[in-house]
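K.L.:
Quick one, what's the 3D model for this:
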Amino acid sequence: MLRASFALEGGFAMPVPSLLGVFAHPDDESLSAGGVLARQAEAGARTGVVTATWVDDTHRAGELGEALRILGAGKPRLLGYADARVPESAPGCARLVDSPLQEAVHRLVGHLREFRPDVVITHDGYGGISGHPDHVHTHRITMLAVHAAGLEQLHPETGEAWQVRALYSVTHPHSALAAYRDLVGHPKAAHTVPDEHLSASVDISRWLDCKTEAVLAHRSEVQRGALPALVGDLDPRTRRELFGTEHFLRHPLTDSHIGAPEPIA
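P.N.:
Model prediction:
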């Protein structure tokens, strides 16, 4: 399982691992990993979020800033691409799914080398339950950028090489599917993984109120009846059952990292 810190004898502890989330849209950070982000920040870790779509001076970028403030995750870091389904998210910019892969990787490598996180979390390769193409592409970009950031020969103009210690993707187990379908109210196809494939399931119930507040900070999504609105309408018990645990898959990096201690819980 993931641990919040490395406790040492004598009452001391090593610094809590820094954490950078990389997500496709404003609100993905709060819905997918808001509990872990809030917990790490409370424990004293440096936390941040890179968002692949939307740009400064848009309403959703403003909502993202408020959500990150609630989670203790700093200011928005934006890759500057357009949402696949919302061209006004980045006027005059390429859609994320149409952007040259190496260009997007280059931009993210710059953020990784600037922030220098111990741990990176992103979408899984299926794009989460929804399978949104922006989620899938963000996963691809992140996987490549994490490896590239550690190689000094690649993208040297973005700064000194940095090796991330652990890479996780947020996912959903098969066991959560029925409850999620009840929530969204229709039997659309969903992308989940066998429960036994999970690397970690993190109880974030202590930080669920903070996570919920961050989700609801995405006011335009609430107003249009998207998933944040459904989360807000749940009674506390159901919300805890559905969103009180965050699930992760761990991805091996280099041979030197396989078997390394789990850096977050």
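K.L.:
tell me the contacts of Lys211?
P.N.:
Contact analysis of Lys211 by CB atoms under 8 Å, 6 or more residues apart in numbering lists 30, 34-35, 38, 71, 204, 243. C-beta here means a position set from N, CA and C on the backbone, and glycine is covered the same way.
K.L.:
let's see it at 10 Å
P.N.:
Taking CB atoms under 10 Å, 6 or more residues apart in numbering as the criterion, Lys211 is in contact with 30-39, 67, 70-71, 204-205, 231, 239, 243-244, 246.
K.L.:
Just the buried ones from those residues?
P.N.:
When these are checked for burial by 16 or more other CB atoms under 10 Å, the buried set is 30-39, 67, 70-71, 204, 231, 239, 243-244, 246.
K.L.:
Just the ones of these in strands?
P.N.:
Among those, the subset assigned to strands under DSSP state E consists of Glu246.
K.L.:
which residue sits closest to Leu37 in space, ignoring its chain neighbours?
P.N.:
Spatial nearest neighbour of Leu37, chain neighbours left out: Leu71 (4.6 Å); criterion: CB to CB, 6 or more residues apart in numbering.
K.L.:
contacting residues around the one you found?
P.N.:
Contact analysis of Leu71 by CB under 10 Å, 6+ apart lists 21, 29-30, 33-42, 47-49, 207, 210-211, 213-214, 217.
K.L.:
how close does it sit to Asp235?
P.N.:
Here the distance between Leu71 and Asp235 works out to 23 Å (CB to CB, to the nearest Å).
K.L.:
do Ala45 as well
P.N.:
Distance, Ala45 to Asp235, using CB to CB: 31 Å.
K.L.:
who's more crowded, these two?
P.N.:
When neighbours are counted by other CB atoms under 10 Å, Ala45 comes out ahead of the other of Ala45 and Asp235, with 23 against 8.
K.L.:
Over to the closest residue to the more buried one other than its chain neighbours: give its phi and psi.
P.N.:
Distances taken as CB to CB, 6+ apart put Val16 closest to Ala45, at 4.0 Å, once the chain neighbours are dropped. Phi and psi for Val16, reported as degrees, to the nearest 10, are phi -70, psi 130.
K.L.:
does Val16 really touch Ala41, like I thought?
P.N.:
Yes. Distance between Val16 and Ala41: 9.2 Å, which falls inside the contact criterion (CB atoms under 10 Å).
K.L.:
Mutual contacts of the two, please.
P.N.:
Among the neighbours of Val16, those also in contact with Ala41 (CB under 10 Å, 6+ apart) are Thr47.
K.L.:
hmm, back to that, can you count the residues close to the residue nearest to Ala45?
P.N.:
For Val16, the number of neighbouring residues by other CB under 10 Å comes to 22.
K.L.:
how near is it to Gly44?
P.N.:
From Val16 over to Gly44 the distance is 5 Å, taken as CB to CB.
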